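Undergrad: Please find the sequence and the predicted model below.
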Amino acid sequence: MENVLLVILLLLALSLIGVVLLQRSEGGGLGMGGGGGGGVMSSRSAATALSKLTWILGIAFLAASLGLTIISARNSADSSVTDLIVAPSSDAGDATPDAPALPDVTDMMPSQNSDQSSDAPVAPPRAE
C-alpha cells in the first residue's frame, strides 16, 4: 500500500508542477512579470480552470502526503533501525586479521607502597 501511495504522490507532484507552469503569470511577485494593460492587477477575475485544478491537485497532494506519513509511521512502529544491527561473530575461520594484543595496563601503573592505604591519593613526585 505504501508503494502505491508513493507512486500516486509522485504523479500528483509532477502534474501539480505541470499545471502551475501552464498558468499565465499575473505578475507582481517580486516586482517582475505581468506588464501592464487593462487593470489586471487591480481587479480579481473569476478562478480559471487551471487555478481550480491547481487547488484540487494541491489538496490531493497534501492528503496523499499525510496518508503516506500515517501508513509509514504505523509500519515502522514495530521495528527500529537498531534491530537491523547484527553483532559480529567470533568464529575461528574469520577472514579478518586479529587485532594486535594490547599491553597490560597494570605494568604501566606505579607500584603502591605497602605503608600507604589503598584509599589515599597518590602524590606526584616532587621536582628537586
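TA: Arrived safely, thanks for sending.

Undergrad: And what about A123, helix, strand or coil?
TA: The three-state label given to A123 by DSSP: H, G, I helix; E, B strand; the rest coil is coil.

Undergrad: So what's the residue count around it?
TA: Neighbour count of A123, defined by other Cβ atoms under 10 Å: 7. To be clear about C-beta, it is placed using only N, CA and C from the backbone, and glycine gets the same treatment.

Undergrad: Neighbours of L9, how many?
TA: By other Cβ under 10 Å, neighbour count at L9 equals 17.

Undergrad: Need the per-residue pLDDT for it.
TA: If you check L9, the pLDDT there is 96.

Undergrad: quick one: it and L66 touch, right?
TA: No - with the criterion set as Cβ atoms under 8 Å, L9 and L66 do not qualify as a contacting pair; they are 10.4 Å apart.

Undergrad: tell me the secondary structure for A127?
TA: Applying three-state DSSP to A127 yields a three-state assignment of coil.

Undergrad: That one: neighbouring residues, count only.
TA: Here the count is done by other Cβ under 10 Å, and A127 has 4 residues near it.

Undergrad: next one: L57
TA: Other residues within reach of L57, judged by other Cβ under 10 Å, total 19.

Undergrad: State the helix or strand in which it lies.
TA: Assigned by DSSP states H and E, L57 falls within helix 49-76.

Undergrad: Next, the buried residues of that helix.
TA: Neighbour counts using 16 or more other Cβ atoms under 10 Å place 53-54, 57, 60-61, 64, 68 of helix 49-76 among the buried residues.

Undergrad: Equivalent analysis for stretch 11-25, please.
TA: Taking 16+ other Cβ under 10 Å as the neighbour-count basis, stretch 11-25 is seen to contain the buried residues 12, 16, 19.

Undergrad: now, which of the residues you listed sits nearest S89?
TA: When the buried residues of stretch 11-25 are compared for distance to S89, the smallest value, 46.7 Å, is given by L12; criterion: Cβ to Cβ.

Undergrad: Now the closest one. Nearest residue, chain neighbours left out?
TA: Sequence neighbours aside, F61 is the residue nearest to L12 in space, at 4.6 Å (criterion: Cβ to Cβ, 6 or more residues apart in numbering).
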